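[1] quick one: sequence plus predicted model below, questions after.
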Amino acid sequence: MENTNCPICDAGGLKREVIEETFTYKEKSIKVPDYVVYRCAECGEGIVDKDTLKKTWKVLGDFYREVDGLLTGPQIKRIRKKLEFTQEQMAEVLGGGLKAFARYESGRVCQSRAMDNLLRILDAKPDDVKVLLMKDKHSVEGNNADSLTQRKNITTNKGKRRQKTERCTA
Ligand SMILES: [Zn+2]
C-alpha cells in the first residue's frame, strides 16, 4: 500500500499512520485505537487500511447497538449458546436468512428491534423456544434429546393447530 499512488491526486508516497480514531453516534463517542491510515502527503487524503476497516466495522456494530439499546454481538452469541443452537439453527427457528446470526454476532448487520425483543425473552426463558420448535415440523432436527418428543407433539397437536388457524381467519 505504501508504494501505491494516491487514488485521489495520483501522487506517490502514501505514508502509513497509526492513530486513535474517534467515532460519534447520537452524541456518544467511541475511540478506536491502532487505526491504520495511509496518508497522502500531497492532498492529505487518508485511505483506511483494509484490516482496520474490518475490525472497526465490528467494533462500531456493537457500539451503535449499545447506544440504541440493542443486544451486542457477544450478548447474542451468549443467548444462542444458552439455547444450544448453531447459528444456522437460530435462523431456522427464529427467522432470518441462514447467515443472519453470523452477521448479528460479528456486528456486520444489526438485528431488528423485534428480533432483539425475541432474543431477550428467550434469554430470560430459554425453555420458551419449545413453542417455536413445535409450531413447524421442519424445524431443527436432532438439536437435543427433546426433538423427538417435539415432533410427536406436532402430530398430536395437529387438530388443535387447525382449529386455531380457522379461528384466526374467521
Ligand atoms: Zn493525494
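    Good, I have the coordinates.
[2] for the most centrally placed residue in the chain, what are its contacts?
    Nearest to the centroid of the C-alpha atoms of the chain, with distances taken as Cα atoms, centre = their mean, sits Y104, at 0.3 Å. By Cβ atoms under 8 Å, 6 or more residues apart in numbering, the residues touching Y104 are 73, 76, 110-111, 115. Any C-beta I mention is one placed from the backbone N, CA and C, and that applies to glycine too.
[3] what parts of the protein come near the ion?
    6, 8-9, 11, 40, 42-43, 45 (Cβ under 5 Å from the ion).
[4] got a pLDDT number for D136?
    According to the predicted model, the pLDDT of D136 comes to 57.
[5] just flag the most distant two among the residues of the chain next to the ion.
    Of all pairs drawn from those, the widest gap by Cβ to Cβ lies between A11 and E45 and measures 9.6 Å.
[6] show me the contacts for L83.
    Residues near L83 by Cβ under 8 Å, 6+ apart: 90, 122, 126, 129.
[7] residues near the closest residue to R120 other than its chain neighbours, how many?
    Beyond its immediate neighbours in the sequence, the residue positioned closest to R120 (Cβ to Cβ, 6 or more residues apart in numbering) is L71, lying 7.2 Å away. Using other Cβ atoms under 10 Å, L71 is surrounded by 22 other residues.
[8] same thing with C9?
    Here the number of neighbours of C9 (other Cβ under 10 Å) works out to 13.
[9] so who does the nearest residue to it once chain neighbours are set aside touch?
    Distance criterion Cβ to Cβ, 6+ apart; nearest residue to C9, sequence neighbours excluded, is C43 at 4.2 Å. When the contact criterion is Cβ under 8 Å, 6+ apart, the partners of C43 are 6, 8-9, 11.
[10] check whether D116 really touches Q75, as I assumed.
    No - taking Cβ atoms under 8 Å as the contact criterion, D116 and Q75 are not neighbours in contact, 9.8 Å apart.
[11] ok, now how distant is I121 from the ion?
    Between I121 and the ion the distance, using Cβ to the ion, to the nearest Å, works out to 52 Å.
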